[in-house]
Each structure stands twice: as C-alpha cells, then as structure tokens.
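Undergrad: could you work out the structure for the sequence below:
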Amino acid sequence: MIHTDGDSSFRILDYISMEDSSGIQVWHAGSSSSEPGILEQRCENWLSQDERARADRFRIATSRNQHVVGRGMARRLLGREQIDPCLIAFAIGKNGKPYVSQPAEARRPFNIAHTDGLVMCGIHSHCDDLLGVDVEKLGRRTDPALAKRYFSKPEIDHLETCVSETEQRNTFLKIWTLKEAFIKAIGTGLQTPLGDFAFDKIESAEPEIRFLNPKLESKTRWSFLSIEPRPGYVGAVAVGDNSARASTARASTARASTEVKLRRFEELL
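TA: Alright, predicted model coming up:
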C-alpha cells in the first residue's frame, strides 16, 4: 500500500522486499520484557563478542533484550541477503554515534530506537545523507515540567491548545520523538539543546523544523515524518538530505519524494 499527499516529501509503503534497498527502510520488532524469545535468540546469534558482553551487563531483562534486538536488526538489515550479519563491524564516531566500518558494501546510514515492547531500526540507501529515528509507547506518563524544560515556546504553546489530557500526552510524545530523531540524525544527542529548534505543523504527518539557534543552520535539507509503526506507538523519522552539498549529478536536481518503507522485522525470521 502506498500513502501519498500532493507535494508530500514522502511516499510511505507498508511492504518491503529485501532485494529493494532504495529509499528509507524502517523495520520494527516486538521485544520481550522477560526471558529472551525466538527473536532475541536469533538476533543474539548475529552479535559480536563485545556486543554480547555488553548485553550481559544489563541487569534488567527489558534493556538487555532491546539491546540485542536493536543490534541484531541493524546487522541483518545492513547486510541484506549478500553479507553475513556476523561479518559486519561497527565503529564509534564523534559523540558516540555508531557507523559501519566494514565491509564497505554495508556502509549506509542507520539508526536504532526502542521503547517498552518495541525496537525500531531505520536504514537509508543514500550514504551521504543523515538519518535518525525514535519511537515511544503511547499512553505512558509524561511530566508537563519536561516540556517547559526542554521544549521551545512555540511547542509549549501548541501543547496548551490540546483539549484533553490524553491528547496533550500523545502530542508531547510526538514532539519528543521528532526532537530525538533530529538530534540522533545529526549525532550530537542532548549536547544540542532541545529548545534550540522548534517544530511547526505538529498536527500533520510531516512536521517542519525551525532553527531558533543560528548555529544549527546548514545546507542540509531536512524532512520529518511522524509514523505509527504499530498500534499504540508513535515514531518519527528525520532525514537530512545532503545532496545540495555534493557536486554530483543528483545535486543538480531536486530529489523526488523519498520512499519510506515500513515492515515487521519478524517476517524475516
């Protein structure tokens, strides 16, 4: 199924073939909060010794399972059908953001996010671009003080227009995932204050970013997408199009709508 709106920046497909690696793939998987299930066991088989050792340091089963599934998903998806997931090597870049060091064929932007019961992994086919994803479980408690501390004034004003506590809570989580996806895409984490940028058109599926701190301005063209990967969850995808910086042929023309493909990771097992 394809969802598209007029001059939308995205075309959303809910079916992906592993042979089709174009555009952005967003895969999601349920994770256990107790004993590892088949998914966790399968993913753990793909991990390196260091990743397994790190997993064993988690004292809470939920956190351990999320780590195992997230790294296992990334290995499987980056390798597609051509590369053994076990052969992929990661390195840590500036500010702690991981990237693929070997093999060269697997070097693509990727990002992992998780929340209670769900792990999400985004993969981008354009190696020069930036990608960030985030996900939260709807219905979780939120603290209004967090909005006042971390959100920009336009976002706080938007929250105050919500007519019910549930709407305000879910809107908070939508804004939070958008902000997290952006700072994960640029790789700075919370070193970039969340109040230095704001989102407009929050009620739409494709909110727009506005930089309140001039230091965030760049030639990168940003697009954002709010998604519902599964019922009861809200997610966000941040895409930084760096084609304007390149001297290649694709920089001379505007890029067509980006395909965002959603699929359950369990279907690959």
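Undergrad: count residues in the vicinity of residue 153, would you?
TA: As a burial measure, residue 153 scores 11 neighbours (other C-beta atoms under 10 Å). No exception for glycine: its C-beta is placed from N, CA and C like everyone else's.
Undergrad: pull out the buried positions in stretch 116-128.
TA: Neighbour-count burial for stretch 116-128 flags 117-124, 126 (criterion: 16 or more other C-beta atoms under 10 Å).
Undergrad: for this protein, what's the longest helix?
TA: Longest helix of the chain, by residue count under DSSP state H: helix 165-186.
Undergrad: got a pLDDT number for the residue most central in space within the chain?
TA: Geometric centre of the chain, nearest residue: residue 133, 1.1 Å, by C-alpha atoms, centre = their mean. Residue 133 carries a pLDDT value of 98.
Undergrad: and the nearest residue to residue 105 once chain neighbours are set aside, how many neighbours?
TA: Nearest residue to residue 105, sequence neighbours excluded (C-beta to C-beta, 6 or more residues apart in numbering): residue 83, at 6.2 Å. For residue 83, the count of nearby residues is 15 (other C-beta under 10 Å).
Undergrad: three-state assignment of residue 83?
TA: coil (DSSP: H, G, I helix; E, B strand; the rest coil).
Undergrad: let me know the pLDDT of it.
TA: If you check residue 83, the pLDDT there is 95.
Undergrad: go on, residue 75?
TA: According to the prediction, residue 75 has pLDDT 98.
Undergrad: not counting sequence-adjacent ones, nearest residue to it?
TA: Excluding the flanking residues, the one nearest residue 75 by C-beta to C-beta, 6+ apart is residue 85, at 3.7 Å.
Undergrad: now residue 194. Nearest residue, chain neighbours left out?
TA: Nearest residue to residue 194 in three dimensions, chain neighbours excluded: residue 150, at 4.2 Å (C-beta to C-beta, 6+ apart).
Undergrad: so who does that neighbour touch?
TA: With contacts defined as C-beta atoms under 8 Å, 6 or more residues apart in numbering, residue 150 is in contact with 179, 194-195.
Undergrad: one more: residue 26?
TA: Contacts for residue 26 (C-beta under 8 Å, 6+ apart) come out as 120-122, 133, 227, 229, 235, 237, 260-263.
Undergrad: tell me which element it falls in.
TA: In the assignment (DSSP states H and E), residue 26 maps to strand 24-30.
Undergrad: just checking: what are the partner strands of that strand?
TA: Applying DSSP bridges, strand 24-30 is found paired with strand 118-124 (antiparallel), strand 258-264 (parallel).
Undergrad: who does the helix or strand following it touch, helix- and strand-wise?
TA: Next helix or strand after strand 24-30 toward the C-terminus (DSSP H and E): helix 38-45. Counting contacts by 3 or more C-beta pairs under 8 Å, 6 or more residues apart in numbering; DSSP states H and E, helix 38-45 is packed against helix 61-79.
Undergrad: export only the CA atoms of the helix it packs on, formatted as PDB.
TA: Extracted in PDB, the C-alpha atoms of helix 61-79 (Å, rounded to 0.1, in the frame of the first residue of the first chain):
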ATOM      1  CA  ALA A  61      15.800  -8.100  31.000                       C
ATOM      2  CA  THR A  62      13.900  -5.500  29.000                       C
ATOM      3  CA  SER A  63      17.000  -3.400  28.400                       C
ATOM      4  CA  ARG A  64      19.100  -6.500  27.500                       C
ATOM      5  CA  ASN A  65      16.500  -7.700  25.000                       C
ATOM      6  CA  GLN A  66      16.200  -4.200  23.400                       C
ATOM      7  CA  HIS A  67      20.000  -4.000  23.000                       C
ATOM      8  CA  VAL A  68      20.200  -7.500  21.500                       C
ATOM      9  CA  VAL A  69      17.300  -7.000  19.100                       C
ATOM     10  CA  GLY A  70      18.400  -3.500  18.000                       C
ATOM     11  CA  ARG A  71      22.000  -4.500  17.200                       C
ATOM     12  CA  GLY A  72      20.800  -7.800  15.600                       C
ATOM     13  CA  MET A  73      18.300  -6.000  13.400                       C
ATOM     14  CA  ALA A  74      20.900  -3.500  12.200                       C
ATOM     15  CA  ARG A  75      23.300  -6.300  11.300                       C
ATOM     16  CA  ARG A  76      20.700  -8.300   9.400                       C
ATOM     17  CA  LEU A  77      19.300  -5.300   7.500                       C
ATOM     18  CA  LEU A  78      22.600  -3.700   6.700                       C
ATOM     19  CA  GLY A  79      23.800  -7.000   5.300                       C
END
